[in-house]
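Asks: Let's see this in three dimensions:
(chains A, B, C and D)
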4 protein chains.
Amino acid sequence: MESFGIAGGDKRQLYLARSLREDGYPVYFHGLEALNEEGEFPSLSIEEMGERCEVVLLPLPASRDGLELNAPFSQKPIVLNDGFANAFRNCLVIGGMVGKLKASSPLWEQSRFLDYYQREELTLGNAFLTAEGAVALALEHSPGALGGSHCLVTGFGRIGKALCLALRGMGAQVACCARKPWDLTAIRALGCEALEYSHVNGQYDVIFNTVPARVVGEEILSRQGPDTILIELASAPGGIDRQAVEKCRLSVVEAPSLPGRFSPKASGELIKEAVYHILEERRRP
Amino acid sequence: MESFGIAGGDKRQLYLARSLREDGYPVYFHGLEALNEEGEFPSLSIEEMGERCEVVLLPLPASRDGLELNAPFSQKPIVLNDGFANAFRNCLVIGGMVGKLKASSPLWEQSRFLDYYQREELTLGNAFLTAEGAVALALEHSPGALGGSHCLVTGFGRIGKALCLALRGMGAQVACCARKPWDLTAIRALGCEALEYSHVNGQYDVIFNTVPARVVGEEILSRQGPDTILIELASAPGGIDRQAVEKCRLSVVEAPSLPGRFSPKASGELIKEAVYHILEERRRP
Amino acid sequence: MESFGIAGGDKRQLYLARSLREDGYPVYFHGLEALNEEGEFPSLSIEEMGERCEVVLLPLPASRDGLELNAPFSQKPIVLNDGFANAFRNCLVIGGMVGKLKASSPLWEQSRFLDYYQREELTLGNAFLTAEGAVALALEHSPGALGGSHCLVTGFGRIGKALCLALRGMGAQVACCARKPWDLTAIRALGCEALEYSHVNGQYDVIFNTVPARVVGEEILSRQGPDTILIELASAPGGIDRQAVEKCRLSVVEAPSLPGRFSPKASGELIKEAVYHILEERRRP
Amino acid sequence: MESFGIAGGDKRQLYLARSLREDGYPVYFHGLEALNEEGEFPSLSIEEMGERCEVVLLPLPASRDGLELNAPFSQKPIVLNDGFANAFRNCLVIGGMVGKLKASSPLWEQSRFLDYYQREELTLGNAFLTAEGAVALALEHSPGALGGSHCLVTGFGRIGKALCLALRGMGAQVACCARKPWDLTAIRALGCEALEYSHVNGQYDVIFNTVPARVVGEEILSRQGPDTILIELASAPGGIDRQAVEKCRLSVVEAPSLPGRFSPKASGELIKEAVYHILEERRRP
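Replies: Numbering: from 1, shown residues only, chains lettered A, B, ... in the order given. Below you'll find the predicted structure:
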């Protein structure tokens, strides 16, 4: 039975650890002090973790800058260098969005190193959590009701799909923009209004952007009212034209990392599941 | 433990009988021969039933014309007269919509006689079943898809409410007409379009009438296309103007008795539940 | 055309005022200074308002203690006394939950005084808004996902109904407790699990209480896990046993006044609609 | 502007023709006599159609046996041979599932020949229509209510997804079997129960099979009750073990070609859309 070391991360890692422990695995922490003040999990140094744990789990993203581990609840910064990489040379290391971390030391090339964020079950699960977080933001920031409101969703990828369903489930009238003909077909079949981008000409209570390309520009924004809420779900620089937002005196709700923020337990469990599937596949002959 | 006699009725009575038997009660039939060809339930004459059964269950409606029991699966007509009433003088008789039957003999005045159709749980349950049957008729008769279609529901009583929810659940765009301001509020909150009757001016794929008063007249009908389906859910004479229907070359799907037609088992179980509640209340001090 | 005076209240009154103004009515403020810093609406003294405005709208509730008007955004307290009542002697005064205010001066007896909170369209609309706020609280406070979670709703009144629909719309597995047989029928038909109170024995991710009587006691609470969230939607003292909560080391999210907190614009518009209906009915011969 | 010739097919072709005509195109028929008794569309011989029409649309499937065109409403059989292929040598021919037809003459190799059934918008649209048809069959054949019922869906492909959503929208409790971990994640997030095939052990009111491999065998079937309805949505031989069905005294509702049967208009419009997209793509440089 594996021992799991968890280095860095946020509340998701705490729930991940609890869920692993419930399944019977020993779990050790490094760099999560502020979430572990009562010593719920034993702490190890990097070197001890490398020796004691077969599997080491790194956060999502593993590093934001390539210099330090993503560890906001650590007492002190955890520098990424050859020493850090060397400590885990005998472990199976699994992290999320690991590109910058891998570039921090040539030693990682020789490690067994995997990315759980490339697992479809995690990506898709995160999309549903993101949609829930977006609904939470809309409920909090829009002064109107969601039931009966007019919402626009741009994009019908994983997040857009989940969002259309959730908003309709809350009683909203949903329009969704997409390019592919089969997406337009599905949008209509789900009871939403299917729009091509060039045909958006309504006023909405909430606009959710999921597309990482400038699709919400002045033409759309100039039609909105003072109470319209814009929610940016795409990663920076997003798809909402900020200059046009200012010109139209609207405001944008930034919405990065919604799964970790609104659903750390569900996020941790999604990571655990992805890790289990990775381990199962490695065990198969 | 009571013995139940079931006299007359249709498939609902068969499922009612099975459900009573599963609960451990003895059940006897009269006037259900065509549904009981293999003798699943013992048959009794009216007189035997009156002697052997504490509770006698009559159909819904108990009689259509006041002359005969509503017994379409009986070998021969069951005439309502003093003899019929007298046979059950010592039983608790429970039927549905019993007015015409009660008028058939003065002896009923002296009987213990109750109407299960006056139970809200049965009326409400039937409304949900009616809405399901209406969805089935729309799926069958409308050449278009229900998902993404435009539907109009007139009335927001029990059936109208259930229908709005079911249609939205199937992905339709639903407009609903009502008079009371709080109904309009609820319609909107459920993600449907709330309309006053005088404001209906769209073309719809399916129009469901639930109002037993002429609310779907020429003004609405003249706006519909050749593929528009009209479904009449209100009891005769209904709320759809038939002369205007002919003038506009539209056609009406008649939809009486949907619970018995599409959901005889669920209907029988609703009757059983209502009967149980009646018996419980009588037992309470 | 009426002039409207709005005295006291919160953000709902601001949106109410804007909505009245959009319909073309003159609107004046008293006791809303902190929401009106840029002078969006002209301010009047109580006396001026009484002279200038045909209709005076008071907040919901009009007073919390019977001593002062409910006016959290007023520069100074607005005392309820004969002077206050006298100022409005020629106006039509419409407020929400006006009992304590009316008791503050015998002069109110001679006023034309109405309660918009007794309008079903407002009560029902508020129930939908409360359900939305409750979903927002669940999304914010529960560390898990709502989609796929197990939720318990106690009570199937206006709020319970709206909540069951919204939770199911978000993908939750919903159980709902009720007493009336027809409520149990409806709960099942909506795809939720219908429970009698004595049969609750599961562990839930979120428990929403809507019943103003002790229905969530130790027997239910002792079965919950450390991540279970309790949301109290009933007015004080609510229906969740606080001693048992402490004993079981759970925590309660207090949830008063959700419509004003999460949907001030929608709340203000519901008040406007109720006021319009009151005025219409008074105009009718 | 193109002229369209429509040869063979069923009611879908009639609605396809009407929809093309509404867009302004001339449309001609061959082999649709029984649907065109009043001469709504002009009829042409095969040779005339080949000369007069730029685009010829064949049915879905184009041929069932490779010997005749699929033309159930034709006065006489339309034999597939070199003459048939030669007639259309100068046309753009677009049909659905055209394999067997293409094999009927070597001349087709030299034709411009396309398959609209390979368009994702048509396949996906058909999946939604199939799900609607499956709901209609369940409503018609199951004696119970759909709301509150327990349904099992096997497979979470296009049809399985659409079916889960529609059933939940109708208030059913839905379990869905799938293999891929991300499918299980999505099933849960949509408020359904996610099951691995080996874990199915419940009794259901309706079982919908969408998988074209033996996944519903004796182990599942032996647990079902006499009122359980089985609906086979996969193409022959389907996924329901017929021997086990007989052994368990259950019955199967065959459900081929649901889109054409329940939604010919929507099907025809999907074909039209796919054809338009094909033509647009051919026009692009």
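Asks: for the residue of the stretch 101-250 of chain A found nearest chain C, what are its contacts?
Replies: Taking Cβ to the nearest Cβ, chain C has its nearest neighbour within the stretch 101-250 of chain A at A:G169, 2.5 Å off. (C-beta placed from N, C-alpha, C; glycine too.) By Cβ atoms under 8 Å, 6 or more residues apart in numbering or on different chains, A:G169 lies in contact with C:A166, C:R168, C:G169, C:M170, C:G171.
Asks: just how off-centre is stretch A:92-112 within its chain?
Replies: With Cα atoms, centre = their mean, to the nearest Å as the basis, stretch A:92-112 stands 20 Å off its chain's centre.
Asks: can you check stretch A:220-228 too?
Replies: With Cα atoms, centre = their mean, you get 28 Å for stretch A:220-228.
Asks: Can you report how many residues lie near A:D65?
Replies: 10 (other Cβ atoms under 10 Å in any protein chain shown).
Asks: so what's it up against?
Replies: A:K100.
Asks: That one sits in which helix or strand?
Replies: Using DSSP states H and E, A:D65 falls within no helix or strand.
Asks: Roughly how far does the residue nearest the centre of chain A sit from C:A145?
Replies: With distances taken as Cα atoms, centre = their mean, the residue of chain A nearest its centroid is A:S257 (4.7 Å). Distance, A:S257 to C:A145, by Cβ to Cβ, to the nearest Å: 15 Å.
Asks: what about A:L230, which SS state?
Replies: strand (DSSP: H, G, I helix; E, B strand; the rest coil).
Asks: For it, give the beta-bridge partners.
Replies: A:I207, A:V252 (DSSP bridges).
Asks: For it, give me the pLDDT.
Replies: Per-residue pLDDT puts A:L230 at 98.
Asks: and it, how many neighbours does it have?
Replies: A:L230: 26 neighbours (other Cβ under 10 Å).
Asks: pLDDT score assigned to the residue of the stretch 101-250 of chain A closest to chain C?
Replies: Predicted confidence (pLDDT) for A:G169: 97.
Asks: Is it correct that A:I187 is in contact with A:C176?
Replies: Yes: at 4.7 Å, A:I187 and A:C176 qualify as touching, with contact defined as Cβ atoms under 8 Å.
Asks: circling back: let me know the closest of the contacts of A:G169 to B:P26.
Replies: C:R168 (40.2 Å; Cβ to Cβ).
Asks: give me every residue that touches that closest one.
Replies: Counting by Cβ under 8 Å, 6+ apart, C:R168 makes contact with A:G169, C:V174, C:L190, C:G191, C:C192, D:R168, D:G191.
Asks: what do you get if the cut-off is 10 Å, keeping everything else the same?
Replies: A:G169, B:G169, C:C151, C:V174, C:L190, C:G191, C:C192, D:R168, D:G169, D:G171, D:G191 (Cβ atoms under 10 Å, 6 or more residues apart in numbering or on different chains).
Asks: So what's the residue count around the closest residue to the fourth one other than its chain neighbours?
Replies: If I follow you right, that is C:V174. Nearest non-adjacent residue to C:V174, counting by Cβ to Cβ, 6 or more residues apart in numbering or on different chains: C:C192, 4.3 Å away. Neighbour count for C:C192, taken as other Cβ under 10 Å: 24.
Asks: from what I can see C:C192 touches D:Q173, true?
Replies: Yes: with contact defined as Cβ atoms under 10 Å, C:C192 reaches D:Q173; the gap is 9.1 Å.
Asks: shared neighbours of the two, anything?
Replies: Common neighbours of C:C192 and D:Q173 (Cβ under 10 Å, 6+ apart) are C:Q173, D:G148.
Asks: ok, back up a step: what's the distance between the residue nearest to C:V174 and D:D205?
Replies: Counting by Cβ to Cβ - C:C192 and D:D205 are separated by 17 Å.
Asks: Got phi/psi on the residue nearest to C:V174?
Replies: For C:C192, the backbone dihedrals are phi -100, psi 170 (criterion: degrees, to the nearest 10).
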